[in-house]
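K.L.:
below are the sequence and a predicted model; questions follow.
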Amino acid sequence: MRTLANTDENEMILAFLQAEIDSPRYGTLYNRVLMDNHLNRFGLIDKPNLSNAEENYYRKEVLRGVRGYASNTALFRNFPANVLWQRVVIEPTDYPVLKYMNDSSWVAFSGGSRLVIDGAKNLERTAEHRDPKPNVNGILRSMKEGKRFPPLIGVESHDGFLILIEGHSRATAYVASATIEFEMFVGSSPSIGNWYAI
């Protein structure tokens, strides 16, 4: 893992929104929150200005509204407030420490281990609940066509694993590709063990 830069939550939040704004699962929710708050997607997410404090505030509010960020709800239940963020490059030698969050569909997809390398090996089998294969295979096709994706987002656990918060399907596609390097926002906190999905 190579560190590119220390960063802050504003960059992480922007990457989160850019990754999910067009997703089949969450895109409608994001667009509803934007519309209800009279916010412009283009200026806030597509062509952002990270030095604009008002934009950063509204991006945080959008992530709070859809995913529970900074409100101790939904995906971010018991997520610590004192997280330090870094932007890193994940190399193939780091693949064994990548883990899915503790979510039933990803646990099942990995055969119980939560390891992304096991999920990548299981791409040919059918999961019983919320099968991620179609998404992963779609990402693999897009990668072959040259599409680039936002960085993944995760946290470092106390035992050295990198636990995904956002980007499970992309991580699986990258690992299935075997040799690709990719960027990731990695958060660390002494209280990270309190997060419900660690």
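P.N.:
Received the coordinates, thanks. Numbers count the residues shown, from 1 in each chain.
K.L.:
and the residue of the chain most remote from its centre, what element?
P.N.:
The outermost residue of the chain relative to its centre, with distances by C-alpha atoms, centre = their mean, is residue 38 at 25.7 Å. Under DSSP states H and E, no helix or strand contains residue 38.
K.L.:
distance of it from residue 32?
P.N.:
Distance of residue 38 to residue 32, given as C-beta to C-beta, to the nearest Å: 12 Å. (C-beta placed from N, C-alpha, C; glycine too.)
K.L.:
flag every buried residue along the longest helix along the chain.
P.N.:
Longest helix in the chain, counting residues (DSSP state H): helix 53-67. Neighbour-count burial for helix 53-67, counted by 16 or more other C-beta atoms under 10 Å, picks out 55-56, 58-67.
K.L.:
on contacts alone, who are the packing partners of it?
P.N.:
Counting contacts by 3 or more C-beta pairs under 8 Å, 6 or more residues apart in numbering; DSSP states H and E, helix 53-67 is packed against helix 9-20, helix 27-36.
K.L.:
tell me how far residue 156 lies from residue 72.
P.N.:
According to C-beta to C-beta, residue 156 stands 21 Å off from residue 72.
K.L.:
for those two, indicate the residue with more neighbours.
P.N.:
Applying other C-beta atoms under 10 Å to residue 156 and residue 72 shows that residue 156 carries more neighbours, namely 20 against 12.
K.L.:
residue contacts, the more buried one?
P.N.:
Contact partners of residue 156, counting by C-beta atoms under 8 Å, 6 or more residues apart in numbering, are 162-163, 186-188, 192.
K.L.:
can you tell me, leaving aside adjacent residues, what's nearest to it?
P.N.:
Spatially, and ignoring its direct neighbours in sequence, residue 156 is nearest to residue 188 (4.8 Å; C-beta to C-beta, 6 or more residues apart in numbering).
K.L.:
same question for residue 10.
P.N.:
residue 56 (4.6 Å).
K.L.:
got a list of what the residue positioned nearest the centre of the chain touches?
P.N.:
The structure's the chain has its C-alpha centroid closest to residue 166; by C-alpha atoms, centre = their mean the separation is 1.6 Å. Counting by C-beta under 8 Å, 6+ apart, residue 166 touches 15-16, 19-20, 152-154.
K.L.:
show me this structure divided up by domain.
P.N.:
Domain segmentation of the chain under automatic domain parsing yields 9-76, 84-194.
K.L.:
need those domains in JSON lines (columns: distance to residue 1).
P.N.:
Output for the domains of the chain, formatted as JSON lines (distance: least, C-beta to C-beta, whole Å):
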{"stretch": "domain 9-76", "distance to residue 1": "17"}
{"stretch": "domain 84-194", "distance to residue 1": "5"}
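K.L.:
tell me which of those lies nearest to residue 3.
P.N.:
domain 84-194 (5.2 Å; C-beta to C-beta).
K.L.:
how far does the closest one sit from the chain's center?
P.N.:
8 Å (C-alpha atoms, centre = their mean, to the nearest Å).
K.L.:
gap between the two ends of it?
P.N.:
15 Å (C-alpha to C-alpha, to the nearest Å).
K.L.:
same question, stretch 138-157
P.N.:
End-to-end distance of stretch 138-157 (C-alpha to C-alpha): 29 Å.
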